[in-house]
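Student: make a model of this:
(chains A and B)
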Amino acid sequence: MSFLRVTEAGLWSTVQDLGRFGSQALAVPVCGARDADALRLANVVVGNDEGCAGLEMVISGAAFEVVAESVRVAVAGADCLLEIESAKEKKRRRIPPLESVRLCRGSRLRVVFGAGCFCALLAVERGFAVEKILGSRSTCVAGKFGGFNGRPLQPGDELPLAAARVEKRPESLLTESLEKEVDSIIRVVPGPQEENFTEAARQLFYRSRYTISPRSDRIGIRLHGAALAHSALGFNLISDGIVTGAVQVPGNGLPIILFYDHQTTGGYPKIATVISTDLPRLGRLAPGETIQFSAVTVARAEALRRLHEANFQRLCRSIVPVTSEEEALSARLRAASLIS
Amino acid sequence: MTVRPLTFLPCGDTALSVQLGDTIERQLCVEVGQLKEAVERARLPGVVECVPTYCSLLVHYSPLQTSQDELKAALTELAAAGQTAARRAVRWRLPLCCDAAFAWDLDRISDEADLSRAEVERLLFETELFLYMTGFMMGLLYVGDFPRLARLSRRGDPRTAVDGGAVAVAQGLGVIYPVAGPGGWNVVGNTPVPLFNIDNTPPSPFTPGDIICFQQVDSVEHRRIVRAVESGDYHLQREEVS
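Tutor: Numbering: from 1, shown residues only, chains lettered A, B, ... in the order given. Coordinates of the predicted model:
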């Protein structure tokens, strides 16, 4: 069997694709990559379909030994890179994000997190050979299924590869990078239960700056900041369905952005919902970083998403093939001088 | 029958909540299920999936294939076309053991509700329970109703762990916990049958609108069923409701 042997697991590394849809009526959470843009781009760079399952790492990166004839990998994320040690040449190389590299048996790779990195995604050509359950390979930690044995990676794990070998060909490189913004503006559509909040609370929600709490996880991004007062309608609703990005406000008034592992139904009022375009940017933010909410209409949010997809397709078309380290470097320099 | 007016609540740019009412009533919940079936049958472009709850349906959609305006028009039309024949509900008979080892809160709630322990047990075993929805955790069932327990609140101190199969009540409703996990409802017994198994297709056989009847078993029978479940010799008892 061909696999990546996990030599360092990272803090919370889970196999994720673009989510498990179609079973939410049975209360199966969606799961999926917290930075879908990063997963999709990393996949495109290694030659996969954009929704192929990759490895999501948060806070710290994982390291592996290649136990396969060959494998092609790429990492994506803000301020991260791949450190590789080829079995043949015994020299270390650093590969920037969104550049593919082919590694042979015995090679080692490590995902290195820079100071500004919270989340990185690793894609391998043809993906990981983990079972598709209810239409997805995403790890469902709550249900202990999906991904690799339904849990985050541990040292010594053998993460199976779908392909035993990959062909030699020019590597691919994307000169654009995924940025992280300081004091990010996160756009939301007001509602579905805006009327459960006082007028003052609604204004406060958009005027305040919120800090991401260290108690955040893939179920919910908890926020510190101005507490929001509920109106006379209170904070106990008849349970209704929840979508990823819903900003739920329980009795203590502090908002929680429900994230990919969220429960499918809930009974707390939701003051607003993060637009789908901004979810990947939100997924890149670390505890301690701040955000501010800004309201847009549904029609605007839908138009922004279509624009986002058009930009994504344009980005995919800008992938450059390179055959050497020198070519990769000059492609990056060309791109930089075009921008500056 | 009159067509219920729909209220639409936007949930960002990938979901639309369709409210059919704002109460917990069997008929309303049946209509939510009917709307879900109608949406699925209509195969509206861009609809990803529908999640039914007590009195609303959350329609997940892709803004790359449709829009909330288009969906609202299509959903209004589907609702106006009237209810199609209701799906035939299934009656499930689930064993329930209320022996002291499982009925952690039974004595306390009989005090609070001013009913004898036998009366509470009679409510559990003689009510044809309606399955309202699945939510909170995979395969967790919300059932009702117990009007005589309407004023019974949830526990002030939610438990960090209740057993898988725990049956609990509060506010006139019941829940069946599929697996061990946190829970704030008042535990009155335990059913030894599996409610959710990821290896099955579908993982849960229950559909909102189904009827659930508990059948009393003692702890010896409970243990026997647990073993039968483990060895794969237990099959849920089901019959179609005429």
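Student: in the helix or strand containing B:R224, what counts as buried?
Tutor: Element membership of B:R224 [criterion: DSSP states H and E] is helix B:219-230. Neighbour-count burial for helix B:219-230 flags B:H222, B:I225, B:V229 (criterion: 16 or more other CB atoms under 10 Å in any protein chain shown). C-betas here are computed from N, CA, C, even on glycine.
Student: chain neighbours aside, what residue packs nearest to the last one?
Tutor: Think B:V229. In space, and not counting its chain neighbours, B:V229 is closest to B:P194: 5.8 Å by CB to CB, 6 or more residues apart in numbering or on different chains.
Student: who are the contact partners of the one you found?
Tutor: Taking CB atoms under 8 Å, 6 or more residues apart in numbering or on different chains, we find B:P194 in contact with B:P178, B:V229, B:Y234.
Student: same question, A:L333
Tutor: So A:L333 contacts nothing (CB under 8 Å, 6+ apart).
Student: again, 10 Å this time
Tutor: A:T175 (CB atoms under 10 Å, 6 or more residues apart in numbering or on different chains).
Student: so which strand or helix has it?
Tutor: Applying DSSP H and E, one finds A:L333 within helix A:325-339.
Student: any low-confidence regions in the chain?
Tutor: Using chain A here. Filtered on pLDDT under 70, chain A yields the residue ranges A:178-183, A:338-340.
Student: wait, chain B
Tutor: B:1-2, B:83-86.
Student: can you give me the strands for it?
Tutor: B:7-11, B:15-19, B:47-52, B:56-61, B:90-96, B:129-134, B:141-144, B:159-162, B:166-170, B:173-176, B:181-183, B:186-190, B:211-216, B:237-240 (DSSP state E).
Student: and what of the stretch 1-150 of chain A?
Tutor: Taking DSSP state E, counting those that start in this stretch, the strands of the stretch 1-150 of chain A run over residues A:3-8, A:12-16, A:54-58, A:63-67, A:70-76, A:80-85, A:92-95, A:101-104, A:108-113, A:119-124.
Student: in chain B, what residue comes closest to chain A?
Tutor: B:L58 (2.7 Å; CB to the nearest CB).
Student: what's the burial count for that residue?
Tutor: Per other CB atoms under 10 Å in any protein chain shown, the neighbour tally for B:L58 reads 25.
Student: if I read this right, it contacts B:P10, doesn't it?
Tutor: No: using CB atoms under 10 Å, B:L58 is not in contact with B:P10; the gap is 11.4 Å.
Student: what's the overlap in contacts for those two?
Tutor: A:P192, B:L16, B:S17.
Student: what residues are up against the second one?
Tutor: Listed by CB under 10 Å, 6+ apart, the contact partners of B:L16 are A:192, A:243, A:298, B:8-10, B:47, B:57-61, B:66-68, B:71-72, B:75.
Student: nearest to chain B: which residue in chain A?
Tutor: Closest point on chain A to chain B, by CB to the nearest CB, is A:G241, at 2.7 Å.
Student: spell out which parts of the stretch 51-200 of chain A neighbour chain B.
Tutor: Contact residues, the stretch 51-200 of chain A versus chain B (CB under 10 Å from any CB of the partner chain): A:133-134, A:140, A:142-146, A:150, A:187-195.
Student: separate out the buried members of the residues you listed.
Tutor: Looks like these have A:133-134, A:140, A:142-143, A:145-146, A:150, A:187-194 buried, using 16+ other CB under 10 Å.
Student: gap between the residue nearest to A:E302 when sequence neighbours are not counted and B:N186?
Tutor: The shortest distance from A:E302 to any non-neighbouring residue, by CB to CB, 6+ apart, is to B:P63 (4.1 Å). Applying CB to CB, to the nearest Å, the value for B:P63 to B:N186 is 43 Å.
Student: A:R281 falls within a strand, correct?
Tutor: No: assigned with DSSP: H, G, I helix; E, B strand; the rest coil, A:R281 falls outside any strand and is helix.
Student: that one - nearest residue in space that isn't next to it in sequence?
Tutor: Closest to A:R281 by CB to CB, 6+ apart is A:S184, at 6.1 Å.
Student: beta partners for the one you found?
Tutor: A:I291 (DSSP bridges).
Student: can you count the residues close to it?
Tutor: 17.
Student: isn't it up against A:T290?
Tutor: Yes: assessed by CB under 10 Å, A:S184 is found in contact with A:T290 at 7.6 Å.
Student: I'd like the strands of chain B laid out as TSV, including distance to A:E85.
Tutor: Shown next, in TSV, are the strands of chain B (distance: least, CB to CB, whole Å):
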stretch	distance to A:E85
strand B:7-11	47
strand B:15-19	46
strand B:47-52	43
strand B:56-61	44
strand B:90-96	58
strand B:129-134	49
strand B:141-144	53
strand B:159-162	45
strand B:166-170	52
strand B:173-176	53
strand B:181-183	43
strand B:186-190	55
strand B:211-216	59
strand B:237-240	59
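Student: nearest to A:V320, out of those?
Tutor: Minimum separation from A:V320 across the strands of chain B (CB to CB) falls at strand B:47-52, 34.2 Å.
Student: what packs against that closest one?
Tutor: Helices and strands touching strand B:47-52, by 3 or more CB pairs under 10 Å, 6 or more residues apart in numbering or on different chains; DSSP states H and E, are strand A:240-241, strand B:15-19, helix B:26-42, strand B:56-61, helix B:68-80, strand B:129-134.
Student: if you set the cut-off to 7 Å instead, what comes out?
Tutor: helix B:26-42, strand B:56-61 (3 or more CB pairs under 7 Å, 6 or more residues apart in numbering or on different chains; DSSP states H and E).
Student: by how many degrees do the longest one and helix B:68-80 diverge?
Tutor: When you say that, I think you mean helix B:26-42. 120 degrees (axes from the mean of the first three to the mean of the last three CA atoms, to 10 degrees).
Student: cool, the shortest one as well?
Tutor: Here the directions of strand B:56-61 and helix B:68-80 differ by 140 degrees (the same axes, to 10 degrees).
Student: how distant is strand B:56-61 from the center of its chain?
Tutor: 17 Å (CA atoms, centre = their mean, to the nearest Å).
Student: what residues sit buried inside that strand?
Tutor: B:S56, B:L57, B:L58, B:V59, B:H60, B:Y61.
Student: again, but for the longest one
Tutor: Of the residues in helix B:26-42, those with enough neighbours to count as buried (16+ other CB under 10 Å) are B:L28, B:C29, B:V30, B:E31, B:V32, B:G33, B:Q34, B:L35, B:K36, B:E37, B:A38, B:V39.
Student: out of the strands of the stretch 1-150 of chain A, which comes closest to B:T160?
Tutor: strand A:12-16 (21.7 Å).
Student: residues contacting that closest one, please?
Tutor: A:31-33, A:39, A:53-59, A:62, A:128, A:130, A:137-139, A:147-148, A:152-153 (CB atoms under 7 Å, 6 or more residues apart in numbering or on different chains).
Student: ok, of those, which come out buried?
Tutor: Buried among those (16+ other CB under 10 Å): A:31-33, A:39, A:53-58, A:62, A:128, A:130, A:137-139, A:147-148, A:152-153.
Student: which of those fall within helices?
Tutor: A:L39 (DSSP state H).
Student: distance of B:P10 from B:R4?
Tutor: According to CB to CB, B:P10 stands 20 Å off from B:R4.
Student: repeat for A:T7
Tutor: 60 Å.
Student: same deal with A:D79?
Tutor: From A:D79 to B:R4 the distance is 52 Å (CB to CB).
Student: so between the two, which is more surrounded?
Tutor: A direct count of neighbours by other CB under 10 Å for A:D79 and B:R4 places A:D79 higher, at 18 against 15.
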